[in-house]
Structures are given as structure tokens and as C-alpha cells.
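how would this look folded up:
(one chain, ligands or ions: 1)
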Amino acid sequence: MAEQDALLDQLRTICGPAAVLTAPGDIEPYAVDWKQSFVGSPFCVVRPGNTGEVAKVVAACRKHGTSIVPQGGNTGLAGGATPDASSSQVLLSLNRLTRIRSLDPIGMTVEVEAGTILQSVKEEAAKKERLLPVSLAAEGSATIGGIVSTNAGGVNVLRHGMTRALVLGLEVVLADGTIVNGLRHLRKDNAGYDWKQLFIGAEGTLGIVTAAVLRLVPAPRHSVTALLSVADVETAIALYAKAQSEIGDALSAFELISGESIALVERHAGLKSPIAAGEWFLLIEAASSLTGLEAAMQVLLAAAFEEELALDGVIAASHQQAQSLWALREHVTEAEAREGRGLKHDMSVPLTVMPAYLADARAAVAAVSRTARLNVFGHLGDGNLHYNVLLGPEDHPAAVNRAVHDAVVRHRGSISAEHGLGQYRVGEWQRTKPAAEQALAHTIKQAIDPAGLFNPGKVLAAPNKGGAA
Ligand SMILES: Cc1cc2nc3c(=O)[nH]c(=O)nc-3n(C[C@H](O)[C@H](O)[C@H](O)COP(=O)(O)OP(=O)(O)OC[C@H]3O[C@@H](n4cnc5c(N)ncnc54)[C@H](O)[C@@H]3O)c2cc1C
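Sure thing, here's the model as predicted:
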């Protein structure tokens with residue numbers, strides 16, 4: 001206790017008393033994850049106001065041997081930002097680092113502090129007709145530090161890649177309190193190891209991201225959105241290939257939503273699909289600075305009906321209609337949370353393997369549960385679906401998890417396409433990841449954070465002697 005009191009005093013001196021929270025009511029919102037699956041108990045929350053303060057906080061925690069859990073908007077879906085229940089960790093919130101330091105519409109870069117909300121950066125970029133092409137339903141709360149640290153995906157990965165593809169430079173604080181300033185606005189920089197890649201997707205286990213330089217793209221002036229229903233995933237993939245041919249690189253999203261997911265959204269979000277149901281729905285978006293998208297989408301839909309690929313479909317006639325079509329997709333996660341106990345899976349396989357994976361996983365889940373219901377939706381164009389399972393009272397989460405993930409391994413996929421491992425998937429990572437890859441991950445952690453100061457228990461499990469083959 002005396003040790004904790006001494007650290008608290010130091011943190012108050014560094015950041016000011018108002019930036020160090022200890023009252024249970026003040027700490028609570030930071031201690032529970034978005035899904036309310038993980039509840040932690042940090043002994044304090046510290047909210048530094050700039051990079052220098054972050055560095056001093058890290059150095060103080062290191063001196064006192066106290067581990068640190070970094071947190072941005074707390075929208076992560078893997079429990080990565082939730083501390084453990086030991087009351088011995090410091091939760092370091094970046095939510096006061098909110099400055100957009102510069103926005104260059106010609107070089108097309110933005111330099112921004114870690115706690116800035118993604119949506120604010122997008123709004124600022126839009127004023128200069130530029131776009132930060134990371135789009136996710138949580139963008140009103142997710143922060144730049146969080147999206148970098150989870151290498152977030154979202155609906156525009158198809159066109160622009162994961163967050164990693166947009167990061168040009170990072171500023172990070174290391175475990176000894178050193179500030180490494182790599183905030184270069186360069187498209188090309190092969191001068192040595194590209195160390196920033198290690199911190200992208202590290203989920204706060206290697207250092208604290210305090211600022212980033214991100215690549216912008218021209219804001220599209222035109223966009224068109226369509227919703228289609230189809231009978232099966234093979235047909236959805238055939239339509240994807242057609243969309244690639246008809247719409248080309250203006251294709252910006254190709255999302256798959258199961259009929260079950262739409263039913264959940266209709267039940268919990270008060271929304272209604274404007275088209276007749278099929279087993280699956282497709283939300284297709286094209287966006288470009290050039291005109292002609294509407295015609296290309298019409299050609300696609302005409303072919304889809306002529307060849308009897310689509311059961312029903314509609315092209316949004318206005319921006320408002322497009323938003324209501326997108327609302328059906330954006331409310332799935334929330335509707336699932338309202339429906340009851342669910343298990344999230346975030347799998348990816350090569351796109352052409354997806355139908356075989358879905359059949360295999362469905363059979364595998366049915367073999368361990370007679371009551372589980374599926375809620376499958378996601379980024380079909382990226383080969384990434386959220387294969388979520390709503391559990392009945394008798395179902396064993398571990399058995400269902402294993403069934404879904406073993407099918408992923410059989411089809412040479414990933415058990416975490418975009419949400420990360422956090423604490424939620426650590427055990428499954430250890431069970432399914434080849435031993436040599438696990439050993440390499442431990443070598444990296446040991447080299448950069450040898451004392452295990454940052455986010456212990458996340459991403460990496462204790463070294464696995466056996467590992468998966
Ligand atoms: C409704 C909904 C929809 C979503 N859709 C998507 C989606 O389509 N695609 C997708 O990829 N994700 C999605 N997510 C997940 C989530 O929004 C992303 O993971 C997001 O990047 C998290 O940002 P955050 O600021 O909330 O991070 P947090 O939740 O606060 O933290 C996430 C992880 O990053 C670490 N971290 C946070 N900030 C820092 C920092 N500055 N330095 C070091 N480590 C840090 C934390 O320790 C934790 O491990 C969704 C979430 C919700 C609730």
C-alpha cells in the first residue's frame with residue numbers, strides 16, 4: 001500500500017491531482033469493457049495531458065514495478081484495454097491527448113495525438129476534401145491510438161487496407177520512459193528497420209502510442225450503395241467477382257449480412273430491411289471522385305437479376321437512403337449485445353474457401369450444441385466474417401470457441417482478422433498458433449518490454465513449450 005501511495009503522489013505531481021482518479025465511481029467506466037464481458041480493478045486511472053507526461057508516468061510506474069494498461073476509447077472487442085482484478089495496475093487513459101497537430105491536404109497526411117476520436121479526424125479532413133479511410137461503427141468513440149494499437153479494419157479495408165497501410169509515422173513511449181519520435185510524413189522511408197510496424201496491432205503490450213502520422217486519400221465526391229439478397233455464399237462470391245469487374249477499384253465495401261443478423265437488427269434497433277429476405281444480404285458500396293458509379297451499379301444489379309444471382313435488391317436513391325441501408329449493417333453488433341449471451345469470433349480465410357469454411361463451422365458448432373444460434377456478418381470482400389454464436393443456457397463457451405477456431409485452422413485462416421487477441425483470445429492463440437510463431441512473439445516482447453510493464457496477460461500467454469504444430 002505504501003508503494004501505491006508513493007506512486008499516486010508521484011503521478012499527481014506529474015499530471016496534476018485532477019488527472020489521477022481513485023474514487024470507485026470515477027474509475028468504473030474505465031474498468032469495464034464495451035461488451036461488459038471483462039471487469040477489472042485498476043488502483044488508479046491516470047490521464048496525462050501530453051507526451052512528456054506520458055513518458056514520466058511510464059518511468060514512475062516502472063520505478064515502482066507497477067504494470068500499465070493503456071486505454072483509448074474503450075471500444076475494443078477483445079478486452080485488451082481492461083485491467084485485471086488485482087487492484088495493482090495503473091490504467092493509463094490517453095483521452096486528454098486530443099490535438100490534431102497538422103493536416104496537409106497536398107501531401108495528404110494528418111499528424112494527430114493518440115486520444116483523438118477517429119470521427120473528429122475524419123470531420124477535420126473532410127473540410128479539406130480529404131478522407132481518413134478507416135470506417136467502423138465505433139468511430140464516434142474509438143481513438144487514433146486505439147485504431148493503431150489494434151490495427152483496426154472496418155468496412156473500407158477492401159479498398160484502402162487495414163490501419164497499418166495508413167500509418168506513415170508514430171511517436172511512442174517505451175518501457176524506460178524514452179520518447180521515440182518517428183513522426184515522419186514520408187511515403188518512402190527505407191532507412192533501416194521499420195520499427196513502427198511492431199507497435200501497430202500490439203494492443204498496448206510493447207509501448208504507448210502517443211501520436212501518429214496517417215495517410216489521407218481524396219474524399220470521394222460520389223458514392224452509391226446497394227442492398228441485395230442472395231440464396232447462398234457461393235452466389236455472394238460470384239457477385240463479388242462481378243462487382244470487381246463492373247466497378248473496379250471504386251468498389252469500397254462488400255459486406256455480407258446473414259438473414260439471422262438482419263432479423264436481430266429489426267427486432268432490437270427498430271429498423272426494417274426494404275427488400276425481401278434471403279439467406280444472406282449484401283451491402284455493396286462504390287465511391288469515387290469521378291462520376292459514373294450509379295450506372296456501373298445498375299449494370300451490376302441488372303446482370304445479377306438476369307443471371308438469377310440476386311433474389312431482390314435496391315439501389316439507394318439518396319444519401320439518406322444509403323445511410324438507412326448502412327444502419328442495418330452498423331446495428332448488428334449492438335443488436336447482438338441486446339439479444340443475450342453471445343460469443344464473438346473474428347475469423348478470416350481465403351475468400352474462395354469461405355463457403356467450405358461456413359459449412360464446416362456450422363456442422364462443428366451443431367456437434368457441440370443443439371441450441372446455439374449463429375449471427376454471421378462482416379467483410380466478405382476481405383475474407384473476414386464475424387462468426388458470432390448466440391449461446392443457449394446449456395452451451396459451453398469453450399467448446400463452441402474450439403469448434404469455430406478448429407474449423408479456421410483446418411482452412412488455414414486466422415482466429416482474429418481485425419479485433420486482436422486482447423485477453424479474450426489469448427488462450428485460443430496459444431492453442432492454435434504454431435510454436436515457432438509464438439516463440440518469435442515472446443522474443444519481440446522480451447526485447448522491447450523485458451520487465452513486462454505493458455498490458456500483461458494480453459496478446460501473449462505464458463511461453464508455450466508445446467504450441468500448435
Ligand atoms: C460497435 C462496434 C463496431 C466495431 N467495428 C469494428 C470494425 O469494423 N473493425 C475493427 O477492426 N474493429 C471494430 N471494433 C472494435 C474497436 O472499435 C476497434 O478495435 C478500435 O480500434 C478500438 O479503439 P479504442 O480507442 O476504443 O481502443 P481501446 O478499446 O481503448 O483499446 C484497444 C487496445 O489498444 C490498446 N491501446 C489503446 N490506445 C493505446 C495507445 N495509445 N497506445 C498503446 N495501446 C493502446 C489497449 O490497451 C487495448 O489493448 C468495433 C467496436 C464496436 C463497439
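
roughly how far is the helix or strand of the chain with the lowest mean pLDDT from the heart of the chain?
Least confident helix or strand of the chain, by mean pLDDT, DSSP states H and E, is strand 342-343 with a mean of 90. Relative to its chain's centre, strand 342-343 lies at 17 Å (C-alpha atoms, centre = their mean, to the nearest Å).

Tell me if the helix or strand just after that strand is near the ligand.
Using DSSP states H and E, the helix or strand that follows strand 342-343 in sequence is strand 346-348. No. Strand 346-348 is not in contact with the ligand by C-beta under 6 Å from any ligand atom; minimum separation 8.2 Å. From N, CA and C alone the C-beta is placed, and that goes for glycine too.

Would you mind pulling up the elements that strand 346-348 packs against?
Under the contact definition 3 or more C-beta pairs under 8 Å, 6 or more residues apart in numbering; DSSP states H and E, strand 346-348 sits against strand 384-390, helix 397-410.

after the longest one comes which helix or strand?
Per DSSP H and E, helix 397-410 leads on to helix 426-432 as the next helix or strand towards the C-terminus.

Residues in contact with that following helix: which ones?
Residues outside helix 426-432 that contact it (C-beta atoms under 8 Å, 6 or more residues apart in numbering): 401-402, 405-406, 408-409, 415-416, 421, 438, 457-461, 464, 467-468.

Mind doing that once more with 7 Å?
Helix 426-432 is touched from outside by 401, 405, 409, 415, 421, 438, 458-459, 461, 464, 468, with contacts defined as C-beta atoms under 7 Å, 6 or more residues apart in numbering.

Taking these, tell me the two that lie furthest apart.
Among the contacts of helix 426-432, the pair separated by the greatest distance (C-beta to C-beta) is Val409 and Lys458, at 21.9 Å.

More neighbours: those two, which one.
Ranked by neighbour count (other C-beta atoms under 10 Å), Val409 and Lys458 place Lys458 first, with 27 against 15.

On the pLDDT front, check the more buried one for me.
Here the pLDDT value assigned to Lys458 is 97.

One more: the one 3 residues further on?
What the model reports as pLDDT for Ala461 is 75.

Same question for it, what's its three-state structure.
Put simply, Ala461 is coil when judged by DSSP: H, G, I helix; E, B strand; the rest coil.

number of nearby residues for it?
Ala461: 19 neighbours (other C-beta under 10 Å).

swap in Gly340?
Using other C-beta under 10 Å, Gly340 has 11 other residues around it.

wait, doesn't it sit right on Leu390?
Yes. In this structure, Gly340 is within contact of Leu390 by C-beta atoms under 7 Å, at 6.1 Å.

Going along the chain, name the strands of the stretch 251-400 of the chain.
Here the stretch 251-400 of the chain has its strands, by DSSP state E, counting those that start in this stretch, at 251-258, 280-288, 310-315, 342-343, 346-348, 373-379, 384-390.

Please list the residues of the stretch 151-300 of the chain that sit near the ligand.
By C-beta under 6 Å from any ligand atom, the residues of the stretch 151-300 of the chain that approach the ligand are 152-154, 203-204, 208-209.

Could you rerun that using 8 Å?
Applying C-beta under 8 Å from any ligand atom, we find that the stretch 151-300 of the chain lies next to the ligand at 151-155, 162-163, 172, 199, 202-205, 207-210.

So which of those sit within helices?
Phe199 (DSSP state H).

The residues of the stretch 151-300 of the chain next to the ligand in strands, which ones?
Judged by DSSP state E, these include 172, 208-210 as members of strands.

Specify the beta-bridge partners of Val45.
Beta-bridge partners for Val45, by DSSP bridges, are Leu21, Leu91.

for it, what are its contacts?
By C-beta under 7 Å, 6+ apart, Val45 lies in contact with 21, 27, 30, 91, 93.

Now render the residues you listed as TSV, adding distance to Ala125, neighbour count and pLDDT.
Converted to TSV, the contacts of Val45 look like this (distance: C-beta to C-beta, whole Å; neighbours: other C-beta atoms under 10 Å; pLDDT from 0 to 100):
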residue	distance to Ala125	neighbour count	pLDDT
Leu21	32	19	98
Ile27	34	19	97
Tyr30	29	22	98
Leu91	30	24	98
Ser93	25	24	98
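
Closest residue of the stretch 201-350 of the chain to the ligand?
In the stretch 201-350 of the chain, the residue found nearest to the ligand is Gly204; the distance is 3.0 Å by C-beta to the nearest ligand atom.

Please tell me I have it right and that residue contacts Gly146.
No. The pair Gly204 / Gly146 is not scored as a contact, 9.0 Å apart, by C-beta under 7 Å.

Show me the contact partners of stretch 307-318.
With C-beta under 7 Å, 6+ apart as the test, stretch 307-318 has contacts from 224-231, 235, 238-239, 274-276, 278, 297-298, 301, 304, 322, 325.

What residues sit buried inside it?
Of the residues in stretch 307-318, 309-316 count as buried by neighbour count, 16 or more other C-beta atoms under 10 Å.

In TSV: those residues, plus distance to Glu123.
Shown next, in TSV, are those (distance: C-beta to C-beta, whole Å):
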residue	distance to Glu123
Leu309	38
Ala310	35
Leu311	38
Asp312	35
Gly313	32
Val314	29
Ile315	27
Ala316	22
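
Show me which of those is closest to Ser369.
Leu311 (29.4 Å).

what is the mean pLDDT for stretch 291-304?
Mean predicted confidence for stretch 291-304 is 96.

ok, and what's touching it?
Outside stretch 291-304, the residues that touch it by C-beta under 7 Å, 6+ apart are 222-224, 226, 228, 239, 242-243, 246-247, 250, 286, 310, 313, 315.

Neighbour-wise, which one of the residues you listed leads?
Neighbour counts for those peak at Ala286, which has 27 neighbours (criterion: other C-beta under 10 Å).

okay, now the domains of this structure?
With domains defined by automatic domain parsing, the chain comprises 2-93, 100-218, 222-333, 340-428.
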